[in-house]
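Q: Next come a sequence and a model predicted from it.
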Amino acid sequence: MFWAVAGLPVARVRFAVTYRATMDVCGLTVQPSRLRAFLIRNVARRSDVQPVPPKVRRVRGSSTGMRVTLRLPAGLEPA
């Protein structure tokens, strides 16, 4: 019961905060699409375009922890 009430919400917040940095350190980020890079350079007026981590499709809690489903871009494999 403790996991469902307190542990899972804390784990989800921690996952959301550290996700981008973790994917970058593990080498699972890719260069953004040309459209996204163009928009960052011209609309946001930033010269540096940061790599993009895989998209999170679903985060589910289970009795033993969390299950995260990712959408991996072309060229990345689950191994």
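A: Received the coordinates, thanks. Residues are numbered from 1 along each chain as shown.
Q: now the strand or helix carrying Val17, how far from the chain's geometric center?
A: Assigned by DSSP states H and E, Val17 belongs to helix 8-25. When distances are taken as CA atoms, centre = their mean, to the nearest Å, helix 8-25 is centred 8 Å away from the chain's centroid.
Q: outside of stretch 43-50, which residues touch it?
A: Stretch 43-50 is contacted from outside by Gln31, Pro32, Arg36, Ala37, Ile40, Arg41, using CB atoms under 8 Å, 6 or more residues apart in numbering. C-beta: built from backbone N, CA, C; applies to glycine.
Q: end-to-end on stretch 52-68?
A: 17 Å (CA to CA, to the nearest Å).
Q: For the remainder of this discussion, apply numbering that starts at 33.
A: In the new numbering, first residue 33, that becomes stretch 84-100.
Q: Now do the buried residues in that stretch.
A: Val84, Pro85, Pro86 (16 or more other CB atoms under 10 Å).
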